[in-house]
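Chemist: no sequence for this one, just the structure:
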């Protein structure tokens, strides 16, 4: 962001850099970082944030008097303000699409496409994305001519500071298991991920009924409330958080010591995003994935991608190492087919 801010011409009362992010939380995070940077500028640089759930009329009135030099926001509100003729972005020098794959996943790519069509052909476009899905490629081909592609490859898929556990839920109550895992140790900050708003609500209610102080984050919570909860989490008012993948993509919550996948993400690419919330800044972290027999194929796929799991179970109130779930298969591959009458030896 620093090079983009550095090229802003302070004497021009016009939008020069536009940044879109797929969620209000991400836009807020970028906005706060930008404010910290421009605080060191020799002269004032005007920054404005445009996200849904805020006072649109007030923003329209402010734009009549003055344009920001750096505009940050979610695609829907940014496009709305531009279509109203209030946010004048057509002279911008640079357009940044942050978390492009998440923008696609959440269905906001058409809005980003319309925003991009308002710029001149000389616009500098920067697209940041954890992955490049096939459905994102037509957009990239449409707007990027002979692009320079920078791919940052990590040494390992998961940080070496993360212990990556795999625990079977077969014959167990999943929510009770989550409660046990959260209370066996003393997590500094634990995040439990689920796939739907409804399941987040269900897990949250169960844990609260067990006496835990739990925050929840998902798209069904009003923007103002989500912002308040995020602030409380960052201030460590909560030790336990239950969330959908909204919290896994780009949102920076410091100090997460434990991540629990209450269920595998439907899109396995999200597995890295979830687990990557812990083990940051060389601090130790623990990621725990709960699975049942129907998840075997997804676990196999993650292992093919290079994810290494440590099989664990809870026994006598402790988390201990257990057998590899593929031990029978591996024994057969190593020693040949086991006779049915000898199967008990495994």
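Modeler: Received the coordinates, thanks. Predicted, not measured: the structure shown is a model, and the values here were computed from it.

Chemist: now the strands for this structure?
Modeler: With DSSP state E as the criterion, the chain has strands at 17-20, 47-50, 70-73, 94-97, 124-127, 162-168, 190-193, 214-217, 240-243, 258-261, 285-291, 310-315, 318-321.

Chemist: turn these into TSV, including distance to residue 227 and mean pLDDT.
Modeler: C-betas here are computed from N, CA, C, even on glycine. TSV is the format used below for the strands of the chain (distance: least, CB to CB, whole Å; pLDDT from 0 to 100):
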stretch	distance to residue 227	mean pLDDT
strand 17-20	19	98
strand 47-50	12	96
strand 70-73	15	97
strand 94-97	22	97
strand 124-127	26	96
strand 162-168	29	95
strand 190-193	18	96
strand 214-217	10	94
strand 240-243	14	94
strand 258-261	22	96
strand 285-291	26	96
strand 310-315	36	93
strand 318-321	35	91
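
Chemist: quick one: closest of those strands to residue 150.
Modeler: Closest approach to residue 150 among the strands of the chain is made by strand 124-127 (10.0 Å; CB to CB).

Chemist: partner strands of that closest one, with direction?
Modeler: strand 94-97 (parallel) (DSSP bridges).

Chemist: distance from the chain centre to the strand it pairs with, please.
Modeler: Strand 94-97 has its C-alpha centroid displaced from the chain centroid by 20 Å (CA atoms, centre = their mean, to the nearest Å).

Chemist: 851 is where my numbering starts, stick with that
Modeler: Taking 851 as the first residue, the last one we looked at is strand 944-947.

Chemist: and it, what's buried?
Modeler: Applying a neighbour-count criterion of 16 or more other CB atoms under 10 Å, the buried positions in strand 944-947 are 944-947.

Chemist: how about stretch 959-969?
Modeler: The neighbour-count check on stretch 959-969 (16+ other CB under 10 Å) flags 959, 961-962, 965-966, 968-969 as buried.

Chemist: where do the helices of the protein begin and end?
Modeler: Ranges of helices within the chain are 852-856, 874-888, 906-915, 925-933, 950-955, 959-966, 987-993, 1024-1034, 1047-1059, 1073-1084, 1119-1125, 1146-1154, 1177-1185, based on DSSP state H.

Chemist: can you tell me which of those is most buried?
Modeler: helix 950-955 (a mean of 22; mean count of other CB atoms under 10 Å).

Chemist: residues making contact with that helix?
Modeler: 870, 872-873, 925, 947, 959, 962, 977-983, 985-986, 989, 1099-1100, 1117, 1119 (CB atoms under 8 Å, 6 or more residues apart in numbering).

Chemist: which residues does residue 1024 contact?
Modeler: Shown in contact with residue 1024 (CB under 8 Å, 6+ apart): 1112, 1140.

Chemist: and the pLDDT at it?
Modeler: Listed pLDDT for residue 1024 reads 96.

Chemist: check the gap between it and residue 1056 for me.
Modeler: For residue 1024, the distance to residue 1056 (CB to CB, to the nearest Å) stands at 10 Å.

Chemist: start and end of stretch 958-972, how far apart?
Modeler: Terminal residues of stretch 958-972 lie 24 Å apart, using CA to CA, to the nearest Å.

Chemist: next one: stretch 975-983
Modeler: End-to-end distance for stretch 975-983, by CA to CA: 18 Å.

Chemist: again, but for stretch 1069-1089
Modeler: 21 Å.

Chemist: cool, and stretch 987-1003?
Modeler: Stretch 987-1003 stretches 20 Å from its first residue to its last (CA to CA).

Chemist: any idea how far it is from the chain center?
Modeler: 22 Å.

Chemist: need the residues that contact that stretch.
Modeler: Stretch 987-1003 has contacts (CB under 8 Å, 6+ apart) with 950, 959, 962-963, 966, 975, 977, 982.

Chemist: about what we covered before: now the helices of the chain as JSON lines including distance to residue 1040?
Modeler: Converted to JSON lines, those look like this (distance: least, CB to CB, whole Å):
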{"stretch": "helix 852-856", "distance to residue 1040": "34"}
{"stretch": "helix 874-888", "distance to residue 1040": "19"}
{"stretch": "helix 906-915", "distance to residue 1040": "37"}
{"stretch": "helix 925-933", "distance to residue 1040": "32"}
{"stretch": "helix 950-955", "distance to residue 1040": "23"}
{"stretch": "helix 959-966", "distance to residue 1040": "33"}
{"stretch": "helix 987-993", "distance to residue 1040": "37"}
{"stretch": "helix 1024-1034", "distance to residue 1040": "6"}
{"stretch": "helix 1047-1059", "distance to residue 1040": "10"}
{"stretch": "helix 1073-1084", "distance to residue 1040": "11"}
{"stretch": "helix 1119-1125", "distance to residue 1040": "13"}
{"stretch": "helix 1146-1154", "distance to residue 1040": "21"}
{"stretch": "helix 1177-1185", "distance to residue 1040": "30"}
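
Chemist: great, nothing more from me.
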